[in-house]
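In: from the sequence below, what's the structure:
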Amino acid sequence: MPMKEGFISLEKTLEGIDSGAPFDLVHVTFDRTRGTGGEIKERKKWTKANFNALPEVVLRKAGIKDKRNPNHSDHRTRNIYNPATREIKKIYIRLICSFNGKSVL
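Out: Okay, the predicted model is just below:
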């Protein structure tokens with residue numbers, strides 16, 4: 001079944017994130033440890049975070065102590081990176097609302 005215009009599947013969204021190309025997305029925050037979240041955040045021109053390609057200073061600033069596998073498939077998360085501000089954020093894939101201007105289904 002073809003996708004409706006203005007919509008994108010979660011599978012295609014993840015392919016877009018994992019491609020390494022810059023993207024725009026809107027997502028809802030969630031922090032299981034602190035019990036916080038629910039804020040809607042818009043991220044423009046971010047990319048997937050590649051810990052092996054990022055400078056150590058960026059990783060330390062983000063609080064990343066080692067480059068071990070974060071088990072994204074188990075936790076349903078991705079780490080994204082803003083090249084302009086050198087910020088790294090974890091997002092939950094089920095809480096992505098839109099990707100490159102299209103609503104995620």
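
In: show the pLDDT at residue 61.
Out: According to the prediction, residue 61 has pLDDT 81.

In: residues touching it, list them.
Out: residue 86 (CB atoms under 8 Å, 6 or more residues apart in numbering). In short, each C-beta sits where N, CA and C put it, glycine included.

In: next: residue 27.
Out: Residue 27 is in contact with 40-41, 43, 91-92, 95-97, counting by CB under 8 Å, 6+ apart.

In: OK, contacts around residue 104?
Out: When contacts are taken as CB under 8 Å, 6+ apart, residue 104 is in contact with 7-10, 13, 96-98.

In: what distance do you get for it to residue 57?
Out: 33 Å (CB to CB, to the nearest Å).

In: hmm, back to that, of the contacts of residue 27, closest to residue 50?
Out: Among the contacts of residue 27, residue 91 lies closest to residue 50 (CB to CB), at 15.4 Å.

In: relative to residue 105, how far out is that closest one?
Out: Residue 91 is 17 Å from residue 105, where distance means CB to CB.

In: among the two, which residue is more densely surrounded?
Out: Under the criterion of other CB atoms under 10 Å, the comparison of residue 91 against residue 105 puts residue 91 first, with 21 against 12.

In: any idea what the more buried one is bridged to?
Out: residue 78 (DSSP bridges).

In: so it sits right up against residue 81, yeah?
Out: No. Using CB atoms under 8 Å, residue 91 is not in contact with residue 81, being 11.2 Å away.

In: pull the longest strand from the chain.
Out: Looking across the chain with DSSP state E, the single longest strand is strand 36-48.

In: quick one: the following helix or strand past it to chain centroid distance?
Out: Per DSSP states H and E, the first helix or strand lying C-terminal to strand 36-48 is helix 56-61. How far helix 56-61 lies from its chain's middle: 18 Å, per CA atoms, centre = their mean, to the nearest Å.

In: and if you look at stretch 31-45?
Out: So, by CA atoms, centre = their mean, the centroid of stretch 31-45 is 11 Å from its chain's centroid.

In: same check, this time on stretch 40-47
Out: Distance, centroid of stretch 40-47 to centroid of chain: 8 Å (CA atoms, centre = their mean).
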